[in-house]
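In: The amino acid sequence is not available; the structure is as follows:
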């Protein structure tokens, strides 16, 4: 089970996630997000994580060219394009960075074919990213092939991630607001609890690193 903790805003929280066994950490650079950080903070987090986990830059309000350039400048492993980006946008981004993920929801794109835009992995989020809202598992499971490299997100917490994994059988899981004490403020104990619960529930999946 691949586990990502997203929306990290401090070096301390990022190291907690990595030390607890996260496969990936995400930094958000969307202007409207309560988890948005500046380039200096993002660079400090990415440096602190180093090669211990995949580092992911999450954007939704930049052009594909701008996003890929920023990902290159920061030195992240993965660029996550979140929202209404086209296949052409993905092709543009892939020229600048070889690993790109597509983040979407049923509200924005009913086509859940993994790799349809050339992405390495598909992240399925709630209709309002970062809102903590959950969605109907049955509405999406039938649209994804068993074994597809897709990551479940949206309203996942230490208390419900096990149930969600059992119901949806995703390749990976992602949390952000589900391990916070306030928007943008990560609870270190909740991070550890989430990763532990995800690992326990997803024990049947190989811990296949993407790197």
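Out: Structure received. Keep in mind that this is a model prediction, so the values were computed, not measured.
In: Helix or strand: which one has residue 191?
Out: Here residue 191 sits within helix 188-201, counting by DSSP states H and E.
In: Okay, buried residues for that helix please.
Out: Using 16 or more other CB atoms under 10 Å as the test for burial, helix 188-201 gives 188, 190, 191, 192, 193, 194, 195, 196, 197, 198, 199, 201. (Glycine included, C-beta is placed from N, CA and C.)
In: wait, which of the residues you listed is closest to residue 90?
Out: Of all the buried residues of helix 188-201, residue 198 has the smallest distance to residue 90: 27.5 Å, by CB to CB.
In: Please report how far that closest one lies from residue 160.
Out: Between residue 198 and residue 160 the computed distance is 11 Å (CB to CB, to the nearest Å).
In: Ok, residue 21 next?
Out: Distance, residue 21 to residue 160, using CB to CB: 19 Å.
In: tell me which helix or strand of the chain sits lowest on mean pLDDT?
Out: Least confident helix or strand, the chain: helix 138-141 with a mean of 64, by mean pLDDT, DSSP states H and E.
In: which helices and strands does the next helix or strand after it pack with?
Out: Going down the chain from helix 138-141, the next helix or strand is strand 150-152, by DSSP H and E. Secondary structure elements in contact with strand 150-152, counted by 3 or more CB pairs under 8 Å, 6 or more residues apart in numbering; DSSP states H and E, are strand 121-124, helix 161-168, strand 172-175.
In: quick check: angle from the longest one to helix 188-201?
Out: Same thing as helix 161-168. With axes from the mean of the first three to the mean of the last three CA atoms, to 10 degrees as the basis, helix 161-168 and helix 188-201 are set at 40 degrees to each other.
In: For helix 161-168, name the packing helices and strands.
Out: helix 138-141, strand 150-152, strand 172-175, helix 188-201.
In: and that helix, which residues are buried?
Out: Neighbour counts over helix 161-168 (16+ other CB under 10 Å) mark 161, 162, 164, 165, 168 as buried.
In: In those, find the pair that's most separated.
Out: So, those by CB to CB: farthest apart are 162 and 168, at 11.4 Å.
In: Output the below-cut-off pLDDT ranges for this protein.
Out: For the chain, residues meeting the criterion pLDDT under 70 lie at 106-111, 126-143, 145-146, 203-211.
In: now with 80?
Out: In the predicted model of the chain, residues 105-111, 126-147, 202-211 satisfy pLDDT under 80.
In: can you map out the helices along it?
Out: In the chain, the segments counted as helices under DSSP state H are 11-19, 39-49, 64-74, 87-96, 138-141, 161-168, 188-201.
In: Let me have those in TSV, adding distance to residue 177 as columns.
Out: Output for these, formatted as TSV (distance: least, CB to CB, whole Å):
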stretch	distance to residue 177
helix 11-19	13
helix 39-49	18
helix 64-74	22
helix 87-96	26
helix 138-141	19
helix 161-168	13
helix 188-201	10
